[in-house]
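S.K.: need a 3D model of the following:
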Amino acid sequence: MFCPRCGAPNPEDAAYCGNCGVALVSPAPAPITLPAAAGSSDDRSPLMASVLNALFGLGYVYLGYRKVLGLPAPLFVALMVVVYFLAGILTDGLLCVILSVVFAIDGHQKASGLKGYVSAETGPGEARDTQIH
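M.R.: Numbering: from 1, shown residues only. Here you go, the predicted structure:
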């Protein structure tokens, strides 16, 4: 090994240059930590998923699911708006409260890495098993 300062030859296991005394072995650089990729479930808040899921199932979109109950996620959310409206009229809001609680719990579980109650699928190549068995 050669000294980077003076160019003098040194043994391979030498820590310092025998000619000028400069350190030959630099300390290991600090590991570089990269932020989590956007859209990964690791950076998704279970509380936010719960709140959004209580609002027409928007938490599924927040968590990056492509399909919910076999429907594309945006279509599922639009359908839930209609269901909430009709259920609010027909059941004086009772069914809306029940659906909100179930979806909120499901969103929290999915954001926490659990399966949850509702069948939801991610895109191809994403490893997240959330099917009800």
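
S.K.: which stretches of this structure form strands?
M.R.: For the chain, strands defined by DSSP state E occupy the ranges 67-68, 71-72, 120-121.

S.K.: single out the most deeply packed of these.
M.R.: Ranked by mean neighbour count, those are led by strand 120-121 with a mean of 22 (mean count of other C-beta atoms under 10 Å). Any C-beta I mention is one placed from the backbone N, CA and C, and that applies to glycine too.

S.K.: state the mean pLDDT of that one.
M.R.: Averaging pLDDT along strand 120-121 gives 90.

S.K.: circling back to that earlier point, closest to residue 5 out of the strands of the chain?
M.R.: strand 120-121 (59.4 Å; C-beta to C-beta).

S.K.: tell me which strands the closest one pairs with, and in which orientation.
M.R.: In the sheet, strand 120-121 lines up against strand 67-68 (antiparallel) (DSSP bridges).

S.K.: how much space separates residue 112 from residue 103?
M.R.: For residue 112, the distance to residue 103 equals 15 Å [C-beta to C-beta, to the nearest Å].

S.K.: those two: which is more packed in?
M.R.: residue 103 (26 against 13; other C-beta atoms under 10 Å).
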